[in-house]
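A.B. asks: sharing a sequence plus its predicted fold:
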Amino acid sequence: MQKLINGIREFQRRLTPEGRARFERLAEVQTPDCLFVACSDSRVVPSLVASTDPGDLFVIRNVGNIVPTLDSAPERAAVEFALISLKVRDIVVCGHSNCGAMRAALDRSLAPDAPHLQGWLDQVRPSIDRLDSSPDMSLPLHDRLSQQNVLQQLDHLRSFPEVQERLQAGTVRIHGWWFDIGRAEVQVYDEGARRFVPIC
């Protein structure tokens, strides 16, 4: 906790007049360019990885960067808000290497001690079923699942009427990203190559 408190003090100390003016503007309105769906993993920091400023990203974070198909899911409400109210032009689903959620989904040993987590990770089952068509078969199984899970969540997004409508109109684009933590490298899914390639 002390690290957080020290960080807040440092943030206040380093805040420039331009930075204060930015926050004054942001206090009135937000106009993010992108809805960014990321894992809750502490090593994945969307604004750091993408070098964005406050107000640039509307972020959904959960265990395993999952986009549930249930109408009642909070993530579904966030997608609607991003598209309808904020009018974002891009949606990114970003998975990552060595994801604990993907390891747990494969292991399925958490059920007795973490029934809520296991219930949540049951949503990864369709991605597990698609592992034979993984973009990169040379990766460890949990990383292959992580990449396949990104593609599955893109399919979920495409199934939402509010996303379908905007895709057809050309007013929104969706992207699959994968963050290789060890290399500090972000990869994007290339539809033509049918694999994740580094963003250059």
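C.D. replies: The structure has been received and is ready for your questions.
A.B. asks: contacts and neighbour counts: CA atoms only from here.
C.D. replies: Noted.
A.B. asks: can you tell me the helix or strand for residue 91?
C.D. replies: Assigned by DSSP states H and E, residue 91 belongs to strand 90-96.
A.B. asks: can you give the distance of that strand from its chain's centre?
C.D. replies: 4 Å (Cα atoms, centre = their mean, to the nearest Å).
A.B. asks: packing partners of the longest helix seen in the chain?
C.D. replies: The longest helix of the chain (DSSP state H) is helix 141-158. In terms of contacts (3 or more Cα pairs under 8 Å, 6 or more residues apart in numbering; DSSP states H and E), helix 141-158 is packed against strand 90-96, helix 100-107, helix 125-129, strand 173-180.
A.B. asks: how does it look with 10 Å?
C.D. replies: Secondary-structure packing of helix 141-158 (3 or more Cα pairs under 10 Å, 6 or more residues apart in numbering; DSSP states H and E): strand 34-39, strand 90-96, helix 100-107, helix 125-129, helix 161-169, strand 173-180, strand 185-190.
A.B. asks: looking at these, which is nearest to residue 14?
C.D. replies: strand 34-39 (26.9 Å; Cα to Cα).
A.B. asks: the closest one: what's the following helix or strand?
C.D. replies: Where DSSP H and E defines the elements, the next helix or strand beyond strand 34-39 is helix 46-49.
A.B. asks: buried residues, that next one. List them.
C.D. replies: Neighbour counts using 16 or more other Cα atoms under 10 Å place residue 46 of helix 46-49 among the buried residues.
A.B. asks: heading C-terminal from it, find the next helix or strand.
C.D. replies: Note on helix 46-49: by DSSP H and E, the next helix or strand toward the C-terminus is strand 57-62.
A.B. asks: list of residues touching the helix or strand following that next one?
C.D. replies: Next helix or strand after strand 57-62 toward the C-terminus (DSSP H and E): helix 74-80. Residues outside helix 74-80 that contact it (Cα atoms under 10 Å, 6 or more residues apart in numbering) are 35-37, 58-62, 66-71, 81-88, 91, 157, 160, 162-163.
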